[in-house]
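Engineer: show me how the following folds:
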Amino acid sequence: MRIGRKVLFILVLCAWLKCSVAQDGKALAATPAGGFQFVGSWNCSGAFGSGETHRSTFTAGVILDGKWLELTEKDIEPATGYLAKYLIGYNAQQKRLVEFDANNFGAATYASAEGWKDGVLTMTSDVSSDPHAPYAANRFLYSVAAKDSFVVDWQVSKSQALNWVSGDHLVCIRASH
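Structural biologist: All right, here's what the predicted structure looks like:
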């Protein structure tokens, strides 16, 4: 009888652990729940942390069998010629969302272990220990504001203690067709 209970206990424990591992291993989605659609063209306006006006356009698509979000940004004001391609998707090895930021001034990578929470996706860079870097870390916050709008906030921290200050704020409205 004791052996039977032990075997049953081990079987139940194994089944529970397998379920826990399966839930923990669930892929994070590149797009928010609730049906928000990034696909399309967007007109964005806002300001840099300095107060200077910032206007840009975004185009968005879902690629690679719906697993990755692709955003393309083109600045209109100031007319610096800034162009960027952002790819956001799930890295199964690291069990987190990653963002690749390729732009005509450089490149960066960001990550989020939490994914979309209450309509907000926070993608954070690694913390730099380079004393000559303009900031220690930076992050993007993508917020779904309504059916036809979203907000992009870029924040920086000059210290490794991660004290975030606004670097850029854009409100994006879906372009009419």
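Engineer: which helix or which strand is home to the spatially most central residue of the chain?
Structural biologist: What sits nearest the mean C-alpha location of the chain, by C-alpha atoms, centre = their mean, is residue 123, with 4.1 Å. Using DSSP states H and E, residue 123 falls within strand 120-124.
Engineer: who are the packing partners of that strand?
Structural biologist: strand 96-103, strand 106-112, strand 137-146 (3 or more C-beta pairs under 8 Å, 6 or more residues apart in numbering; DSSP states H and E). To be clear about C-beta, it is placed using only N, CA and C from the backbone, and glycine gets the same treatment.
Engineer: so how far is that strand off the chain centroid?
Structural biologist: 4 Å (C-alpha atoms, centre = their mean, to the nearest Å).
Engineer: quick one: the helices in the chain, in order.
Structural biologist: Under the criterion DSSP state H, helices of the chain are mapped to 2-24.
Engineer: so where is this protein shaky, pLDDT-wise?
Structural biologist: Applying pLDDT under 70 to the chain picks out residues 1-25, 177.
Engineer: give me that answer again for 90
Structural biologist: Where the chain drops to pLDDT under 90, the residues are 1-27, 34-35, 66, 131, 145, 176-177.
Engineer: residue 56: which of the helices and strands packed on strand 120-124 is closest?
Structural biologist: Among these, strand 96-103 comes nearest to residue 56, with 11.8 Å by C-beta to C-beta.
Engineer: just put the helices and strands packed on strand 120-124 in CSV and tack on mean neighbour count.
Structural biologist: Shown next, in CSV, are the helices and strands packed on strand 120-124 (neighbours: other C-beta atoms under 10 Å):
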stretch, mean neighbour count
strand 96-103, 18
strand 106-112, 15
strand 137-146, 18
